[in-house]
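Peer 1: Could you work out the structure for the sequence below:
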Amino acid sequence: MALVKVCPNCNRRNAASSVVCEVCDTSLEKTKPIQAPGLAPPRISINNRVLKLPLKLEFVIGRAGEGTIRIPDIDLAPFGGSPAAGVSRKHARLTWNGSWQIQDLGSVNGTFVNQKRLVTNEVLTLPRNAVIQIGKLYLVFHG
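Peer 2: Numbers count the residues shown, from 1 in each chain. Here you go, the predicted structure:
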């Protein structure tokens with residue numbers, strides 16, 4: 001896999017030697033190169049539906065609320081992700097760092113991976129076909 005610099009502003013993957021983002025001209029001088037994920041984007045199964053995610057290195061999982069300006073990258077509201085279902089607006093984060101990792105972002109009801117509750121801000125490497133519980137919703141991560 002090639003090394004890339006991911007723009008902190010627009011998430012564009014740039015060459016490791018880049019000093020500015022080729023899309024938005026954000027400085028990449030302080031951005032460290034990382035291993036690029038494979039060509040296949042990750043997928044998540046929710047309620048027997050498969051979501052194909054774009055090629056990004058970071059996703060926030062949560063729910064859009066009424067009047068919310070910023071919608072999470074993976075919005076669980078259309079899948080029953082509501083306050084009553086225990087889904088926070090910014091519930092968890094998926095990050096590529098050579099492998100896919102998940103982190104609970106201080107959600108009230110917690111994030112579970114294969115029935116193990118994550119400690120807030122704990123980073124856990126996701127195994128293949130991991131079952132992620134966000135509130136009362138179950139997702140299968142196909143990284």
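Peer 1: what's the offset of the lowest-mean-pLDDT helix or strand in the chain from the middle of its chain?
Peer 2: Here the helix or strand of the chain ranked lowest by mean pLDDT, DSSP states H and E is strand 34-35, holding a mean of 81. Distance of strand 34-35 from the chain centroid (Cα atoms, centre = their mean, to the nearest Å) equals 16 Å.
Peer 1: Just checking: what are the partner strands of it?
Peer 2: Here strand 34-35 has these sheet partners by DSSP bridges: strand 3-6 (antiparallel).
Peer 1: now the strand it pairs with: mean pLDDT?
Peer 2: Strand 3-6 carries an average pLDDT of 86.
Peer 1: avg pLDDT for the next helix-or-strand element following that strand?
Peer 2: Elements were assigned by DSSP states H and E; along the chain past strand 3-6, the next helix or strand is strand 13-15. Mean per-residue pLDDT for strand 13-15: 83.
Peer 1: for stretch 132-143, same thing?
Peer 2: 94.
Peer 1: next one: stretch 42-57
Peer 2: Mean predicted lDDT for stretch 42-57 stands at 86.
Peer 1: buried ones in that stretch?
Peer 2: If you call a residue buried by 16 or more other Cβ atoms under 10 Å, then stretch 42-57 has these buried ones: 42, 44, 46, 53, 56-57. Yep, even glycine has a C-beta here, placed from its N, CA and C like the rest.
Peer 1: which residues are in contact with the least confident helix or strand of the chain?
Peer 2: 1-6, 57, 96-98 (Cβ atoms under 8 Å, 6 or more residues apart in numbering).
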